[in-house]
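> 3D model of this:
(one chain, ligands or ions: 1)
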Amino acid sequence: MRPARALIDLEALRHNYRLAREISGARALAVVKADAYGHGATRCAAALEDEADGFAVACIEEALELRYAGIRKPILLLEGFFEESELSLIDQHQLWCVVHAAWQVEAIERARLARPLQVWLKLDSGMHRVGLHPAEYRDAHARLLASGKVDKIVLMSHFARADELDCPRSEEQVALFEQARAGLQAEVSLRNSPAILGWPGIASDWVRPGIMLYGATPFEQDQAQAARLRPVMTLESKIISVRELPAGEPVGYGARFVAERPTRVGVVAMGYADGYPRHAATGTPIMVDGQMTRLIGRVSMDMLTVDLTDLPGAGLGSRVELWGRNVSASAVAYGCGSIPYQLFCNLKRVPRLYSGG
Ligand SMILES: *Cc1c(COP(=O)(O)O)cnc(C)c1O
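Alright, predicted model coming up:
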């Protein structure tokens with residue numbers, strides 16, 4: 001059997017969830033969209049089901065997957081419904097629903113529902129992607145209340161630059177949010193992972209941790225709260241071949257690496273078809289038998305190569321960690337112009353093995 005696999009530590013997931021709550025002092029919706037950022041949504045939600053205040057996903061397909069797996073806690077649809085016809089499923093499965101556009105307000109006014117909806121009314125406070133314009137926010141709120149179809153409205157917005165710790169934009173967004181919602185008595189939800197970890201002064205009754213649940217930092221630089229996270233996914237494999245190359249010999253496609261000295265090359269069963277980033281460059285950190293070394297040459301579809309020259313004890317069958325407990329997924333990601341979010345979401349083909357469930 002091919003030795004590539006992703007170990008998922010559900011105890012670490014719970015640790016990170018508790019940390020999000022502890023740091024924020026708020027209720028927390030665990031964001032498990034995109035198959036829990038590649039970690040497996042149903043397994044992750046089940047591991048958090050007893051203690052989570054609720055979950056958040058991108059769309060009804062993801063919410064139904066959780067419901068069918070037996071998840072009973074509240075589930076928020078972060079983009080609400082894409083088509084009016086979804087409202088009957090939202091009603092039937094008692095999903096919470098973001099409303100980010102006027103047409104969604106109108107659809108709710110027209111809807112025939114068995115029970116009142118819980119709506120999270122989203123303001124565009126500067127992200128400029130989705131969300132109601134500040135000038136239409138209070139009117140949308142009033143219409144939803146007057147519709148008789150809604151029994152609770154949480155006021156929400158989303159930050160564009162909370163991962164930039166010296167950037168004033170998040171506080172400007174909060175000021176705009178406060179202005180737009182002045183006089184509306186309701187619970188508020190603003191903070192995503194970087195805002196939970198890095199912006200303790202921003203009040204939020206509900207927080208929406210995503211990447212931090214999975215133990216990866218949203219910041220490029222070191223950050224004290226982020227240092228308390230525990231990596232959930234360890235991507236590992238083994239050395240399946242070893243070559244001794246004299247100086248001057250190239251390794252792999254495009255001869256991107258040429259041995260500067262006699263070099264022992266280890267071939268690892270892991271490639272970009274598994275989600276390891278193809279653009280990771282020579283020098284990217286990688287661990288073999290508990291010792292740090294470097295990636296060399298170009299990552300190919302099913303294999304990649306590492307430098308074993310200074311690891312004489314390593315060889316065929318040695319265990320390799322691509323990221324996880326020892327090798328920071330964020331460091332691998334930022335080193336190749338990516339982010340840990342994308343690395344995790346790209347995971348495929350490798351089996352996921354769970355512990356701590
Ligand atoms: C994905 C998402 C989150 C989680 O963001 P992280 O940076 O992963 O914490 C929170 N809120 C909304 C609206 C999202 O779409």
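> my guess is residue 102 meets residue 132, correct?
Yes. With contact defined as Cβ atoms under 8 Å, residue 102 reaches residue 132; the gap is 7.1 Å. C-beta: built from backbone N, CA, C; applies to glycine.
> mind listing the helices for this protein?
10-24, 33-37, 41-48, 60-68, 87-92, 102-110, 134-147, 169-180, 193-198, 329-335, 340-345 (DSSP state H).
> quick one: the first one near the ligand?
No. Interface with the ligand: helix 10-24 contributes nothing (Cβ under 6 Å from any ligand atom), its closest point being 8.8 Å away.
> One more: the third one?
No. Interface with the ligand: helix 41-48 contributes nothing (Cβ under 6 Å from any ligand atom), its closest point being 12.9 Å away.
> With the fourth one instead?
No. With Cβ under 6 Å from any ligand atom as the criterion, the ligand is not reached by helix 60-68; the gap is at least 11.7 Å.
> on that earlier part again, export the helices of the chain as CSV, with columns for mean neighbour count.
CSV is the format used below for the helices of the chain (neighbours: other Cβ atoms under 10 Å):
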stretch, mean neighbour count
helix 10-24, 20
helix 33-37, 22
helix 41-48, 22
helix 60-68, 18
helix 87-92, 17
helix 102-110, 17
helix 134-147, 16
helix 169-180, 17
helix 193-198, 26
helix 329-335, 20
helix 340-345, 21
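> Present these as a markdown table; the columns should include distance to residue 207.
Shown next, in a markdown table, are these (distance: least, Cβ to Cβ, whole Å):
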| stretch | distance to residue 207 |
| --- | --- |
| helix 10-24 | 5 |
| helix 33-37 | 15 |
| helix 41-48 | 14 |
| helix 60-68 | 19 |
| helix 87-92 | 23 |
| helix 102-110 | 23 |
| helix 134-147 | 21 |
| helix 169-180 | 14 |
| helix 193-198 | 5 |
| helix 329-335 | 20 |
| helix 340-345 | 17 |
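> Can you convert the ones you listed into TSV and add a column each for mean pLDDT and distance to residue 78?
Putting the helices of the chain into TSV (pLDDT from 0 to 100; distance: least, Cβ to Cβ, whole Å) gives the following:
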stretch	mean pLDDT	distance to residue 78
helix 10-24	98	16
helix 33-37	98	7
helix 41-48	98	13
helix 60-68	98	9
helix 87-92	98	13
helix 102-110	98	13
helix 134-147	98	17
helix 169-180	98	17
helix 193-198	98	14
helix 329-335	96	22
helix 340-345	98	14
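> Residue 209 is nearest to which of those helices?
Closest to residue 209 of those is helix 10-24 (Cβ to Cβ; 3.9 Å).
> Output the closest one as CSV, restricted to C-alpha atoms.
Below are the C-alpha coordinates for helix 10-24, written out as CSV (Å, rounded to 0.1, in the frame of the first residue of the first chain):
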residue,chain,number,x,y,z
LEU,A,10,-9.4,15.4,16.7
GLU,A,11,-8.2,16.1,20.2
ALA,A,12,-6.1,18.9,18.8
LEU,A,13,-9.2,20.1,16.9
ARG,A,14,-11.1,20.3,20.2
HIS,A,15,-8.2,22.1,21.9
ASN,A,16,-8.2,24.7,19.1
TYR,A,17,-12.0,25.2,19.4
ARG,A,18,-11.8,25.7,23.1
LEU,A,19,-9.0,28.2,22.5
ALA,A,20,-11.2,30.2,20.1
ARG,A,21,-13.8,30.4,22.8
GLU,A,22,-11.4,31.2,25.6
ILE,A,23,-9.6,34.0,23.7
SER,A,24,-12.8,35.6,22.5
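> Just want the angle from it to helix 41-48.
With axes from the mean of the first three to the mean of the last three Cα atoms, to 10 degrees applied, the angle from helix 10-24 to helix 41-48 works out at 60 degrees.
> ok, and the closest non-adjacent residue to the residue of the stretch 251-357 of the chain found nearest the ligand?
Closest residue of the stretch 251-357 of the chain to the ligand, Cβ to the nearest ligand atom: residue 341 (6.4 Å). The shortest distance from residue 341 to any non-neighbouring residue, by Cβ to Cβ, 6 or more residues apart in numbering, is to residue 211 (5.6 Å).
> Which residues of this protein lie near the ligand?
31, 33, 78, 158, 192, 193, 194, 208, 209, 210, 211, 218.
> tell me the centre residue of the protein?
Closest residue to the average C-alpha location of the chain: residue 211 at 3.6 Å, with Cα atoms, centre = their mean.
> domains for this structure, by residue range?
Domain assignment for the chain, taken from the TED database, gives 10-218, 233-355.
> if we can go back for a sec, what is in contact with residue 102 and residue 132 at once?
Listed contacts common to residue 102 and residue 132 are residue 140; contacts here mean Cβ atoms under 8 Å, 6 or more residues apart in numbering.
> Sheet partners, orientation included, of the longest strand seen in the chain?
Scanning the chain for the longest strand, with DSSP state E as the assignment, gives strand 233-245. Sheet pairing of strand 233-245 (DSSP bridges) gives strand 5-9 (antiparallel), strand 263-268 (antiparallel), strand 319-323 (antiparallel).
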